[in-house]
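>>> Just a sequence and a predicted model for now, questions to come.
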Amino acid sequence: MSTTPGNRMNLMDGLPPRPAEGIYLDSNATTAVAPEVVEAMLPLLTRHFGNPSSMHSFGAEAGKAVDEARGRILALVGGAMANELVLTGGGSESDNLAIVGTLYAYPEKRHLITTAVEHPAVLGLCRDLEKRHGYEVTYLKVDDQGRLDETELRDALRDDTAVVSIMHANNETGVLFDVEALGQIVKESGAVFHVDAVQAAGKLPLDMKSSCIDLLSLSGHKLHGPKGVGALYVRKGTKIRPLIVGGHQERGRRAGTENVASVAGFGVACDLAAAGIEHENTVVRDLRDRLETGLVAAIPDSRRNGDAAHRLPNTSNISFDFIEGEGILLLLDRVGVAASSGSACTSGSLEPSHVLRAMGVPFTQAHGSIRFSLSRYTTQSEVDYVTQVLPPIIERLRQITPFNAERATF
Amino acid sequence: MWNYSDKVFDHFMNPRNVGEVENADGIGEVGSMACGDALRLSFRLDEEGRIADARFQTFGCGSAIASSSVLTEMIKGKTLEDAARITNEEIAAELDGLPREKMHCSVMGREALEAAMIDYYKRLGRNVPCNLLQTSTELCHCYQVSKDTVRDAIMTHKLKNIEDVTNFTKAGGGCTDCHHDISDLLRDCWDKMDQEAATAAAAGAPLQQLADVMGPAPVKHAEIDAEIVTKIRELLENDISVALRNDGGDIEFVRYQEHRVYVRLTGACAACRASEATIKGYVQAQLREFVSDQIEVIEVN
């Protein structure tokens, strides 16, 4: 490390300059829009701008695009009927529609169940339902690998449980829940079963025809589609009430003129995702493993978070002890690498990741956790670049911190 | 992505004085890994009692490292008495400002400095100067923030809600048990500040009475003045004050007389070395553009 007479450290010393093309390993936050998606959207923003509800050929073109997209989205999740799909404004809206829409449909039921590690779209909503609307919520705990206990779910179910909402894949750790096994338990009780599949869709095969899931949330921008569009799969015969009321769109379950271009883009993205599931589980998985193994081997006091065996193929969450995640991200950004952190500082809150804390990951590790999330566009040279630049970054930040293996507190 | 200044980036990427001073005269440790940030600050004095060397070790985000780095530079060459006067606002100002959510990083620097000085006096067996001793009770147990610290922050920065209090002091950012106490404190402080403002307004009244004694001013003039004052107050409260609050400061209208607008800067602005630039370059420019091009703005303390 170079130091000048002014006791000045240079954290960037010897590190490469930011490359012209950034290395994007934050695909669980959002993904690059696929070129095929952009191409499908453009005509619907220019020539075919009509309103699908209109009685002229402008409207007909737009309507055709929406119908085609509906079929493509449905195919990705193995759904049976086009009217089982409600197009929404994204994953958060889908989650809200699923949970609140069910509570509206069963006003006498005052209890719901979810997990302690859900996405804020579900957790924040549940807290709000408790605080402002007097609902009772059970938050299922996870073990140190991020796994659920089926017995705990069985014990939590009550006669007045309206809905059980459980994510398929965790956005921070990639840990998978066995939603089919959990769903069997839920169905025995008569509650509605909602699954947030925003991270899983396109990475794992889904087949709603043979599933016991009633409601399934999807998002466009997590699978190389545009932002601001999503869908809720509603199994035929599942009662939900709309949140957005007005027009007749989506068979009265979500009013508002369809976001035609984005819906079409979402459809093409689902086509590409369906074709790419094998690639995700072979090539992308190998690259993820190469990155994870390389980093944990090269950097002392580092470890993977979450169940290695049951995990999304693209996600790796690694803790680097004794340092804080924001510094790592700022330095990574300087060398052109985009990732994210479960540290408190990066979120603007003071608490580190609720997911890692629920898993019992100690503060010494939670603050310095980094999530790498790959995509079909990730290359081996990008992964190897990260395994080269990160070890010196971690080492330098550890020179600044007062904590180490001998002293983890004042 | 936080909107960090170039200076924050400079002090983060090129931190000054990392490490621990050998044969330190004082060492201060604040925060913990659980809190998400922690700082160990050490210093050594020269024969004349000035800080000859200061070093830091920080666990925390980019702005925490930058705040620690800039603090060591600020205290070098100063006597302990002078160093003790450095406020967290000055630390933030030296970095060209910090995002509001990160103001607690500068507070941590200030606290570590206090802890190191207390350590110094204790080592010598001397009485710790009372301005360094926090005697008040702890309000937030998660982040060990005293009631005094929260009260000072509310009054200095005119904090309006719990979120602001958490941004500036970290109090209330953990289990939320103390939110009720913070609400009470907010209400008490604002009652006090409103009362002071009312008293100040009443004290301004003699000017009016003086005008009566000196004979009625031409009616036309008084009307114009009242109209201008209303416009000035509106602009100050609706636009200028809002902008300054983004930087942790604020502005108060004091009085208006013959095109002169007397104002008082508070919070980070009061301690800011660039306050003259704020007054002339921003406040006066705004008032000239939207009220009258003859206006001159004068800062009072």
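Here it is on my side, so go on. Residues are numbered from 1 along each chain as shown, chains lettered A, B, ... in the order given.
>>> what's the next secondary structure element after the helix or strand of chain B with the lowest mean pLDDT?
Ranking every helix and strand in chain B by mean pLDDT, DSSP states H and E puts helix B:268-271 at the bottom, with a mean of 66. Next helix or strand after helix B:268-271 toward the C-terminus (DSSP states H and E): helix B:275-277.
>>> so for the helix or strand just after that next one, what's the average pLDDT?
Following helix B:275-277 in sequence order, the next helix or strand is helix B:285-290 (DSSP H and E). Helix B:285-290 shows a mean pLDDT of 86.
>>> Domain map for chain A?
A:19-32+A:277-400, A:35-273 (automatic domain parsing).
>>> Output the ones you listed in TSV; the columns should cover mean pLDDT, distance to chain B and mean neighbour count.
Heads up, the C-betas are built off the backbone N, CA and C, glycines and all. Shown next, in TSV, are these (pLDDT from 0 to 100; distance: least, CB to the nearest CB, whole Å; neighbours: other CB atoms under 10 Å in any protein chain shown):
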stretch	mean pLDDT	distance to chain B	mean neighbour count
domain A:19-32+A:277-400	94	3	20
domain A:35-273	97	11	20
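>>> can you give me the helices in chain A?
A:35-45, A:57-76, A:91-105, A:120-133, A:150-156, A:179-189, A:260-279, A:285-298, A:325-334, A:344-347, A:354-358, A:363-366, A:380-400 (DSSP state H).
>>> Please compute how far the second one lies from its chain's middle.
Its chain's C-alpha centre lies 25 Å from the corresponding centre of helix A:57-76 when counted by CA atoms, centre = their mean, to the nearest Å.
>>> which residues sit against it?
Residues from elsewhere that reach helix A:57-76, judged by CB atoms under 8 Å, 6 or more residues apart in numbering or on different chains: A:44, A:47-53, A:80-82, A:84-85, A:87, A:201-202, A:206, A:218, A:231, A:233, A:258, A:260, A:263-264, A:266-268, A:270-271, A:273-274.
>>> Pull out the CA atoms of that helix and give them to me as PDB.
The C-alpha atoms that make up helix A:57-76 are tabulated as PDB, following Å, rounded to 0.1, in the frame of the first residue of the first chain:
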ATOM      1  CA  SER A  57     -57.800  -1.000 -35.800                       C
ATOM      2  CA  PHE A  58     -55.400   1.100 -33.700                       C
ATOM      3  CA  GLY A  59     -57.000  -0.500 -30.700                       C
ATOM      4  CA  ALA A  60     -57.100  -3.900 -32.300                       C
ATOM      5  CA  GLU A  61     -53.300  -3.900 -32.900                       C
ATOM      6  CA  ALA A  62     -52.700  -3.000 -29.300                       C
ATOM      7  CA  GLY A  63     -55.200  -5.600 -28.000                       C
ATOM      8  CA  LYS A  64     -53.600  -8.300 -30.100                       C
ATOM      9  CA  ALA A  65     -50.200  -7.400 -28.600                       C
ATOM     10  CA  VAL A  66     -51.600  -7.700 -25.100                       C
ATOM     11  CA  ASP A  67     -53.300 -11.000 -25.800                       C
ATOM     12  CA  GLU A  68     -50.100 -12.500 -27.300                       C
ATOM     13  CA  ALA A  69     -48.100 -11.300 -24.300                       C
ATOM     14  CA  ARG A  70     -50.600 -12.800 -22.000                       C
ATOM     15  CA  GLY A  71     -50.100 -16.200 -23.600                       C
ATOM     16  CA  ARG A  72     -46.300 -15.900 -23.400                       C
ATOM     17  CA  ILE A  73     -46.400 -15.000 -19.700                       C
ATOM     18  CA  LEU A  74     -48.800 -17.800 -18.900                       C
ATOM     19  CA  ALA A  75     -46.600 -20.300 -20.800                       C
ATOM     20  CA  LEU A  76     -43.600 -19.400 -18.500                       C
END
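>>> ok and it relative to helix A:260-279, angle-wise?
Relative orientation of helix A:57-76 versus helix A:260-279 (axes from the mean of the first three to the mean of the last three CA atoms, to 10 degrees): 20 degrees.
>>> got the angle between helix A:57-76 and helix A:35-45?
150 degrees.
>>> re earlier: take the helices of chain A and lay them out in JSON lines including distance to A:Ala308.
As requested, the helices of chain A are arranged in JSON lines below (distance: least, CB to CB, whole Å):
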{"stretch": "helix A:35-45", "distance to A:Ala308": "32"}
{"stretch": "helix A:57-76", "distance to A:Ala308": "26"}
{"stretch": "helix A:91-105", "distance to A:Ala308": "26"}
{"stretch": "helix A:120-133", "distance to A:Ala308": "25"}
{"stretch": "helix A:150-156", "distance to A:Ala308": "20"}
{"stretch": "helix A:179-189", "distance to A:Ala308": "19"}
{"stretch": "helix A:260-279", "distance to A:Ala308": "20"}
{"stretch": "helix A:285-298", "distance to A:Ala308": "9"}
{"stretch": "helix A:325-334", "distance to A:Ala308": "21"}
{"stretch": "helix A:344-347", "distance to A:Ala308": "25"}
{"stretch": "helix A:354-358", "distance to A:Ala308": "16"}
{"stretch": "helix A:363-366", "distance to A:Ala308": "16"}
{"stretch": "helix A:380-400", "distance to A:Ala308": "18"}
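>>> Indicate which one of those helices is closest to B:Glu89.
B:Glu89 sits nearest to helix A:344-347 of all the helices of chain A, at 20.6 Å, using CB to CB.
>>> quick one: contacts for B:Leu95?
With CB under 8 Å, 6+ apart, B:Leu95 has these contacts: B:Ser5, B:Lys7, B:Val8, B:His11, B:Ser63, B:Ala66, B:Ser67, B:Val70, B:Ser106.
>>> what about 7 Å?
B:Ser5, B:Lys7, B:Val8, B:His11, B:Ala66, B:Ser67, B:Val70 (CB atoms under 7 Å, 6 or more residues apart in numbering or on different chains).
>>> can you check A:Met81 too?
So A:Met81 contacts A:Lys236 (CB under 7 Å, 6+ apart).
>>> Relative to B:Lys280, how far out is it?
69 Å (CB to CB, to the nearest Å).
>>> Contact partners for A:Ala231?
A:Ile73, A:Leu85, A:Val86, A:Leu87, A:Thr88, A:Ser94, A:Leu218.
>>> Can you tell me how far the closest residue to A:Gly276 other than its chain neighbours is from A:Asp67?
Distance criterion CB to CB, 6 or more residues apart in numbering or on different chains; nearest residue to A:Gly276, sequence neighbours excluded, is A:Arg376 at 5.4 Å. A:Arg376 sits 27 Å away from A:Asp67, taking CB to CB as the criterion.
>>> what's the domain layout of chain B?
Split by automatic domain parsing, chain B gives B:6-133, B:134-199, B:216-299.
>>> Can you tell me which of those domains is packed in deepest?
domain B:6-133 (a mean of 21; mean count of other CB atoms under 10 Å in any protein chain shown).
>>> now check stretch B:172-183, is it near chain A?
Yes - using CB under 7 Å from any CB of the partner chain, we find that stretch B:172-183 touches chain A at B:Gly173, B:Gly174.
>>> With only the CA atoms kept, save that stretch in PDB.
Only the C-alpha atoms of stretch B:172-183 are listed here, as PDB (Å, rounded to 0.1, in the frame of the first residue of the first chain):
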ATOM      1  CA  GLY B 172     -34.900   5.500  17.400                       C
ATOM      2  CA  GLY B 173     -33.300   3.600  14.600                       C
ATOM      3  CA  GLY B 174     -33.300   0.200  16.400                       C
ATOM      4  CA  CYS B 175     -36.100  -1.400  18.400                       C
ATOM      5  CA  THR B 176     -38.300   1.800  18.100                       C
ATOM      6  CA  ASP B 177     -39.200   1.500  21.900                       C
ATOM      7  CA  CYS B 178     -38.000   5.100  22.400                       C
ATOM      8  CA  HIS B 179     -40.200   6.600  19.600                       C
ATOM      9  CA  HIS B 180     -42.700   7.700  22.200                       C
ATOM     10  CA  ASP B 181     -40.000   9.500  24.200                       C
ATOM     11  CA  ILE B 182     -38.700  11.100  21.000                       C
ATOM     12  CA  SER B 183     -42.200  12.300  20.200                       C
END
